[in-house]
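[1] quick check, what structure comes out for this input:
(6 chains)
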Protein chains: 4
Amino acid sequence: MDTVARTAAGTAQPRTPRPRADALRNRERIVTAAREMFVEFGPDVPLDEVARRAGVGNATLYRNFPDRAALTHEVVLAVTSRTTDRAEEAANDEGDPFIALSRFVHAAADERIGALCPMLSGGFDKDHPELLAERRRLEEAVEGLVGRAMSAGRLRTDIAVGDVLVALSQLTRPLPGIACMNIDRFTHRHIQLFLDGLEAPARSRLTGTAATLEDLRRRT
Amino acid sequence: MDTVARTAAGTAQPRTPRPRADALRNRERIVTAAREMFVEFGPDVPLDEVARRAGVGNATLYRNFPDRAALTHEVVLAVTSRTTDRAEEAANDEGDPFIALSRFVHAAADERIGALCPMLSGGFDKDHPELLAERRRLEEAVEGLVGRAMSAGRLRTDIAVGDVLVALSQLTRPLPGIACMNIDRFTHRHIQLFLDGLEAPARSRLTGTAATLEDLRRRT
Amino acid sequence: MDTVARTAAGTAQPRTPRPRADALRNRERIVTAAREMFVEFGPDVPLDEVARRAGVGNATLYRNFPDRAALTHEVVLAVTSRTTDRAEEAANDEGDPFIALSRFVHAAADERIGALCPMLSGGFDKDHPELLAERRRLEEAVEGLVGRAMSAGRLRTDIAVGDVLVALSQLTRPLPGIACMNIDRFTHRHIQLFLDGLEAPARSRLTGTAATLEDLRRRT
Amino acid sequence: MDTVARTAAGTAQPRTPRPRADALRNRERIVTAAREMFVEFGPDVPLDEVARRAGVGNATLYRNFPDRAALTHEVVLAVTSRTTDRAEEAANDEGDPFIALSRFVHAAADERIGALCPMLSGGFDKDHPELLAERRRLEEAVEGLVGRAMSAGRLRTDIAVGDVLVALSQLTRPLPGIACMNIDRFTHRHIQLFLDGLEAPARSRLTGTAATLEDLRRRT
DNA sequence: GATGAATGAGAGTTCATTCAT
DNA sequence: CATGAATGAACTCTCATTCAT
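    Numbers count the residues shown, from 1 in each chain, chains lettered A, B, ... in the order given. The predicted model follows:
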């Protein structure tokens, strides 16, 4: 926002403080509506419905986002950004770093990060610079959480950031048609079970099953 | 009984005069194609494409399955049934019951049970008797696996069958647009992490974090 | 039927009495089913449904009638023929010739002659020789009824055979979707009202309204 | 009042901001096209064709009328309404009340009221309040015409409004595939014959045939 | 700048007709 | 010969996107 403001000032545009007031509001409402409806109905929800929920005409939506990809981009960006915020908040926790990591994971679930999964399939530019940057920020933040937990001997040493994010996303993916903006108890329970699997045992807990794990990999 | 049967057939069995070898083959191919494409492209894949992949005309598909719901029903039934078979196979394992359970979970992933998730959202009768029966069979089989592992002290005692099946399904849900009939290494890894969380510790491992868990529940 | 038998004998075909037994029966059942369903559901009824009602496979229907036009042709022929039979029966009445004509008109309604109307629109050859001949026979029979009634001074002298047949057909046209093989009381009442309009008055009844009739023609 | 209206518009009339001149025009054109094509091709005419005739895209038709039933509803309403107008015009006639009734019947034929018959079979809500109201209006108007003609001794006393409307509708039902928006002479002739049957004789004309009528009812 | 309306391309489903058993 | 199955063309309806007000 700083950047935008400075640029505007630099080009010596007239203030134009007014015309943006409701326009920005509209844009905001569209993104919010889109996020909710992507969660509720999946990524194929009719855009006219999104516009209706946002309380604007469909053409207004298209003025702000030329096509579905643009809107998806914005929603993914917004969710990623909010999730990153949660990661950074958790990073400020003073206590047990594994608890901090856990807190982040549950908070990310509440941001409905899982709803992004189906959008990663296509129809929009996954590698858009803006998105890459935001994802990098998220990964760095989580990297911090993971690193600290690992250093403290509270997290298994074979866990990567990707493990956490992907599994978290999958576990919180909504079922289309189920109207539910809030992750339910049941899902938080599964997240916790997963987290339990990440926790480092007092001693080397895995050694016992290591052989059989290899065996499992050779299934079928 | 053979004699009786042959006699009946020879005398007067006016209905179902022939099993129509090719028709059955077609039906089979349609279900197979549908399963693959549901995995690959999600539950909204155009049925014409399914027919094309099956190598039949679209009307042939509609003759066998009057609408999408009917086809979905059949696919769900087939996957459930195959998954149950895996559960029963695993139940025959002689060794460590937790390993048996784990083996089943990985095998179920390979059956792409996760692909069923989006279909559960609607568009077909989830409570069809045929489906209920099959689901019951699956649950019973898994119940056996879970019970034995628990009795052996190898599984946490706060785990229910539903936990296993739902988390398993979510973790293996395919990303539409990613052509992949085989669950990849990465996914098996996440499944294993989740299983690790289910394993009972030598001592009561959870006591240490119990208080903080409560704390986590109070997130938001 | 006489004609057919004589032809067969004249060409000295081998008897071939057997193979036709059930084939003819099938053909008959198809025509009957078609007549009923044309009456009930209109001329666009799916031919597969006709075959089902006839209790034969659809291909059997197509073997007997290469396309819808052929089947329609046969049904129109059959109804026309039966209607002609009614006309000839009525011609044998000894009593009042207007009553005889009326009796025919009501009987023709019961044959569902009105069901033929929508078939005259297209999709089959209205001027097929076989049909022309049958129609000629019908017209001649009705001509006889009309002529006698007129000669007896019981029928208005400005009525033509076409007036009777067309109006009769229109008044008895079934409403698709209304399952009713028997013309109802209400329809017979309308037919009777129409017949009342055809009856010659004791004196020249029309003279009074002749002027105003001309006036009516100048409506709007 | 002009002032008031303008003020209201100027101040705050947030809903229905404009009558959208062209949209109304489109809707009108669709209904007109539909009426014509229902008459010409029957109630199953492809809606895409209707849209083409109306000069709009098919989706525009579907925007205005969500499904065929909605369009049928509108057409039935329009024809009923116009027919009622004709009835009320005829009711203003000063002369012979039977002539007035006759004038209405011929005028209703020109409105193609008969084209509605096949639509009454199903596919739309026959008992929609809007339609019931309009039909009631029509029946009342015709009731007036019939009542006056009867009081004047010009109409048979055993005639009901339903007789007139149903017979009229049947007699003017178009033959699908015959492009003809104007009822032809021939049809008007049949209507007139029917009307002749409704006219009260100078003396009690029916007594002579009463017995035989009973006889006719015993046909079959 | 915002809106409602318009559009064409596409998906699901049905049906007349043909084919293989 | 009779049958069930297969097929492609046609029709209804939806939706992303563009246009006129």
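
[2] quick one: whichever residue of chain A sits closest to chain B from chain D, how far?
    Nearest to chain B in chain A, going by CB to the nearest CB, is residue A:197, at a distance of 3.1 Å. (C-beta placed from N, C-alpha, C; glycine too.) Relative to chain D, residue A:197 is positioned 52 Å away (CB to the nearest CB, to the nearest Å).

[3] element containing the closest residue in space to that residue that isn't next to it in sequence, please.
    Residue nearest to residue A:197 in three dimensions, not counting chain neighbours: residue B:197, with 3.1 Å by CB to CB, 6 or more residues apart in numbering or on different chains. Counting by DSSP states H and E, the element that carries residue B:197 is helix B:185-198.

[4] how about the CA coordinates for that helix, as CSV?
    Provided in CSV are the C-alpha atoms of helix B:185-198 (Å, rounded to 0.1, in the frame of the first residue of the first chain):
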residue,chain,number,x,y,z
ARG,B,185,5.3,-41.5,-2.9
PHE,B,186,4.6,-38.1,-1.4
THR,B,187,1.1,-39.0,-0.5
HIS,B,188,2.1,-42.4,1.0
ARG,B,189,4.5,-40.4,3.1
HIS,B,190,1.7,-38.3,4.5
ILE,B,191,-0.4,-41.3,5.1
GLN,B,192,2.5,-42.8,7.0
LEU,B,193,2.9,-39.6,9.1
PHE,B,194,-0.8,-39.8,10.0
LEU,B,195,-0.4,-43.5,10.9
ASP,B,196,2.5,-42.6,13.1
GLY,B,197,0.2,-40.3,15.0
LEU,B,198,-2.2,-43.2,15.6
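
[5] buried residues in that helix, which are they?
    B:187-198 (16 or more other CB atoms under 10 Å in any protein chain shown).

[6] swap in stretch A:96-106?
    A:96-106.

[7] stretch A:62-80 now?
    For stretch A:62-80, by 16+ other CB under 10 Å, it's A:64-65, A:68, A:71-80.

[8] repeat that for stretch A:85-98.
    So stretch A:85-98, judged by 16+ other CB under 10 Å, has buried residues A:86-88, A:90-91, A:96-98.

[9] run a quick neighbour tally on residue A:135.
    17 (other CB atoms under 10 Å in any protein chain shown).

[10] am I right that it is in contact with residue A:81?
    No. Residue A:135 lies out of contact with residue A:81 (CB atoms under 8 Å); the separation is 10.1 Å.

[11] shaky segments in chain A?
    A:1-20, A:177, A:179-180, A:202-220 (pLDDT under 70).

[12] near DNA strand F, which residues of it are found?
    Proximity of chain A to DNA strand F, by CB under 7 Å from any atom of the strand, involves residues A:44-48, A:58-59, A:62, A:66-68.

[13] which two in those are spaced the farthest apart?
    A:44 and A:59 (20.5 Å; CB to CB).

[14] which of those two has more neighbours?
    residue A:44 (14 against 9).

[15] I'd assumed residue B:45 was in contact with that one.
    No. At 11.7 Å, residue A:44 does not count as touching residue B:45 under the criterion of CB under 8 Å.

[16] quick one, phi/psi of the residue nearest to the spatial centre of chain A?
    Residue closest to the average C-alpha location in chain A (CA atoms, centre = their mean): residue A:113, at 3.5 Å. Residue A:113 has phi and psi values of phi -60, psi -30 when expressed as degrees, to the nearest 10.

[17] ok, now how distant is it from residue A:91?
    Residue A:113 sits 17 Å away from residue A:91, taking CB to CB, to the nearest Å as the criterion.

[18] ok so, going back, what about the buried residues of stretch A:85-98, which are in strands?
    Of these, none are assigned to strands by DSSP state E.

[19] what's the closest of those to residue A:152?
    residue A:97 (4.9 Å).

[20] tell me who's in contact with that closest one.
    A:145, A:148-149, A:151-152, A:154-155 (CB atoms under 8 Å, 6 or more residues apart in numbering or on different chains).

[21] recalculate using a threshold of 6 Å.
    A:148-149, A:152, A:154 (CB atoms under 6 Å, 6 or more residues apart in numbering or on different chains).

[22] then residue A:169?
    A:113-114, A:117.

[23] so how far is residue B:170 from it?
    Residue A:169 is 10 Å from residue B:170, by CB to CB.

[24] for residue A:130, same thing?
    From residue A:130 to residue B:170 the distance is 29 Å (CB to CB).

[25] neighbour count for these two, which is higher?
    residue B:170 (21 against 12).

[26] surely that one meets residue A:170?
    Yes. Residue B:170 lies in contact with residue A:170 (CB atoms under 6 Å); the separation is 5.4 Å.

[27] ok, now which ones touch residue A:168?
    By CB under 6 Å, 6+ apart, the neighbours of residue A:168 are A:105, A:108.

[28] what helix or strand does it sit in?
    Short version, using DSSP H and E: residue A:168 is in helix A:161-171.
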